[in-house]
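Q: 3D, please:
(2 chains)
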Amino acid sequence: MNTHAQLATYNFAYLDEQTKRMIRRAILKAIAIPGYQVPFASREMPMPYGWGTGGVQVTASVLGPDDTLKVIDQGADDTTNAVSIRAFFQKVANVAVTTSTAEATIIQTRHRIPEETLKEGQILVYQVPIPEPLRFLEPRETETRKMHALEEYGLMHVKLYEDIAKNGHIATTYAYPVKVEGRYVMDPSPTPKFDNPKMHRSEALQLFGAGREKRIYAVPPYTDVVSLDFEDHPFEIQKFDEPCALCGARNVYLDEVILNDKGGRMFVCSDTDHCEKRRAEGHVGHLAGEAPETAQ
Amino acid sequence: MSDHPLLRVNAVTKFYGARVGCRDVSFELWPGEVLAVVGESGSGKTTLLNAISTRLLPTSGTVEYRMRDGQFRDLYRMGEAERRFLMRTDWGFVHQNPADGLRMTVSAGANVGERLMAIGDRHYGNIRDTASQWLGRVEIDTDRIDDQPRDFSGGMRQRLQIARNLVTGPRLVFMDEPTGGLDVSVQARLLDLVRGLVNDLGLAAIVVTHDLAVARLLSHRMMVMKDGNVIEHGLTDRVLDDPREPYTQLLVSSILQV
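A: This next block holds a predicted model:
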């Protein structure tokens, strides 16, 4: 509270009310047109581009004094990006923060969707580096806008075709393009494609903020989100051979952790909150409790 | 040939500010017919081609196209979505520089398959089979299907561009100097190929060229342009063998005899 008093020159949640109003209007428009990228007057934030300036602005605009905020980075609550953004909002908005997915009302995320199914009333805010799914195929912004407007999405399949031609299967594993409500093709930000099915008819509101590119887009609750594919090469999510080494969870997204320079490695849940909760419930993985040196 | 033309061009004029691009050009193109537009550089050939193919809005005049349902539609009164759909299904456009018409960083197979995917084909195996057939038809080895066009020679790129345009079975193809920048033997092979495809598929085509030999080989009719105006218009053999306008006579007599 002391630090908050020293920062009295800041408005609640850092941005001034006019800016929040502008961003909220963009968010409302984005919700009204699911998957459509709404341009907005992105502000300079006290952090570098690429660290989540878009997500922070969206969070600042939807955050209220009664909200409980959770911030994750690659699924983890304890990495630099997550810790600093959480501390930022603690300082400038004095809101309650949590690491528990179920308790949070707003979750700002970089590159993951929590394993625990989100509920109605929750808001998931994504940090987006490049909002345009067609960007690497068509460099002209005028042209990509026209392609969205006229629903010319053949090019998106050209990318998937190239994947299959080169690798024998669709090798895109993250930022896997989706079609929202049968209309707009959208980049779900660089989440692993493992998370794509979680977006489909999600109960939570999903907001996407790209600060450098000055775009906001949204997926309202209960909206169809379908991953693009070919009839003879259907969409598939990643599969893992072994369960989480700490909590024994299957059917979750795992991170590979290198343990030593002798080839030792372990696979653990990328969602740290999910993993901790499971361990607290008594689930034990095959490496839980062992010192890293002994694990081979 | 049918009773109705495929394309009606009526008094198309394009000004660039005060300068004339092309002035008051009218003609009709019939199904299966190849029309050559010849003239020196700067005579308005490419302007005319772009104005007809909806790539450049003319200052005045109308261009009507007979759709597959038999109805004539004014191209500039259509919605943009419909016009673009027409361009990638019923039409083809072969650029002088293949890099303008191809995606240089995706494989040959995807280049040919792009139009199929654009009209909703979602079966990888079928797309690949069709692409491979078309590569065969334009004499590109099918084992090059996964190579990128930037690894291809100029002649191969041009043939790939033609395959990419013809895969959706268009009825009308625009060609802007299709043999420009190719050496003579490659030109001859390409012309032979284009002539064969045009005959087999019954394509109508408008070919812009400054090379009278191309016009002679490919076209049924030709128009001679000078300073933005069409100065002579007739059957190709008639225009080349019996040119009436002094400028056409000059053009025909300028051909090097070997």
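
Q: B:Met223: what secondary structure?
A: Classification of B:Met223 using DSSP: H, G, I helix; E, B strand; the rest coil returns strand.

Q: show me what it bridges to in the sheet.
A: Applying DSSP bridges to B:Met223 gives these bridge partners: B:Val37, B:His233.

Q: count of neighbours near it?
A: Per other CB atoms under 10 Å in any protein chain shown, the neighbour tally for B:Met223 reads 23. C-betas here are computed from N, CA, C, even on glycine.

Q: next one: it from A:Phe208, what distance?
A: 53 Å (CB to CB, to the nearest Å).

Q: now do A:Glu162
A: Taken as CB to CB, the span from A:Glu162 to A:Phe208 is 25 Å.

Q: tell me the confidence at residue 46?
A: Picking chain A for this. Note on A:Pro46: pLDDT of 90.

Q: I was thinking of chain B, sorry if that wasn't clear
A: In this model, B:Thr46 carries a pLDDT of 92.

Q: output the strand or helix carrying it as PDB, restricted to C-alpha atoms.
A: Using DSSP states H and E, B:Thr46 maps to helix B:45-52. The C-alpha coordinates for helix B:45-52 follow below in PDB (Å, rounded to 0.1, in the frame of the first residue of the first chain):
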ATOM      1  CA  LYS B  45      -0.700  -2.400 -75.000                       C
ATOM      2  CA  THR B  46      -0.200  -3.200 -71.400                       C
ATOM      3  CA  THR B  47      -2.500  -0.400 -70.200                       C
ATOM      4  CA  LEU B  48      -5.200  -1.800 -72.400                       C
ATOM      5  CA  LEU B  49      -4.600  -5.300 -71.100                       C
ATOM      6  CA  ASN B  50      -4.800  -4.100 -67.500                       C
ATOM      7  CA  ALA B  51      -7.900  -2.000 -68.100                       C
ATOM      8  CA  ILE B  52      -9.700  -5.000 -69.600                       C
END
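
Q: quick one: contacts for A:Pro129?
A: Contact analysis of A:Pro129 by CB atoms under 8 Å, 6 or more residues apart in numbering or on different chains lists A:Gly50, A:Ser189, A:Pro190, A:Ala210, A:Arg212, A:Glu213.

Q: how about the secondary structure of it?
A: Using three-state DSSP, the structure places A:Pro129 in coil.

Q: what's the distance between it and chain B?
A: 21 Å (CB to the nearest CB, to the nearest Å).

Q: does B:Lys45 touch B:Val38 like I think?
A: Yes. Contact status for B:Lys45 versus B:Val38: in contact at 7.3 Å, counting by CB atoms under 8 Å.

Q: returning to what we had before: neighbour count for A:Glu162 and A:Phe208, which is higher?
A: Neighbour totals were compared for A:Glu162 and A:Phe208, and A:Phe208 leads with 26 against 23 (other CB under 10 Å).

Q: so what's the residue lying closest to A:Val180 once chain neighbours are set aside up against?
A: Leaving aside its sequence neighbours, A:Val180 sits nearest to A:Gly35 (CB to CB, 6 or more residues apart in numbering or on different chains; 3.1 Å). Contacts for A:Gly35 (CB under 8 Å, 6+ apart) come out as A:Lys179, A:Val180, A:Glu181, A:Arg183, A:Tyr184, A:Val185, A:Met186, A:Tyr217, A:Ala218, A:Val219.

Q: can we see that at 10 Å?
A: A:133, A:148, A:178-188, A:208, A:217-220, A:223, A:225 (CB atoms under 10 Å, 6 or more residues apart in numbering or on different chains).

Q: ok, A:Phe136 next?
A: Counting by CB under 10 Å, 6+ apart, A:Phe136 makes contact with A:Ile130, A:Lys159, A:Ala175, B:Thr105.

Q: what's the spacing between it and A:Gln127?
A: A:Phe136 is 19 Å from A:Gln127, by CB to CB.

Q: what does chain A put close to chain B?
A: A:136-138, A:146-147, A:149-166, A:170, A:228-233 (CB under 10 Å from any CB of the partner chain).

Q: spell out which parts of the stretch 51-200 of chain B neighbour chain A.
A: So the stretch 51-200 of chain B meets chain A at B:79-85, B:88, B:103, B:105-111, B:113-128, B:131, B:145-146, B:148 (CB under 10 Å from any CB).

Q: of those, keep whichever come out buried.
A: B:83-85, B:88, B:103, B:106-111, B:113-118, B:121-122, B:124, B:127-128, B:131, B:145, B:148 (16 or more other CB atoms under 10 Å in any protein chain shown).

Q: so of those residues, which ones are in helices?
A: Among those, DSSP state H puts B:83-85, B:88, B:108-111, B:113-118, B:124, B:127-128, B:131 in helices.

Q: so of the contacts of A:Gly35, which ones are in strands?
A: A:Val178, A:Lys179, A:Val180, A:Tyr184, A:Val185, A:Met186, A:Phe208, A:Tyr217, A:Ala218, A:Val219, A:Val225 (DSSP state E).

Q: name the element A:Arg86 belongs to?
A: A:Arg86 belongs to helix A:80-93, assigned by DSSP H and E.
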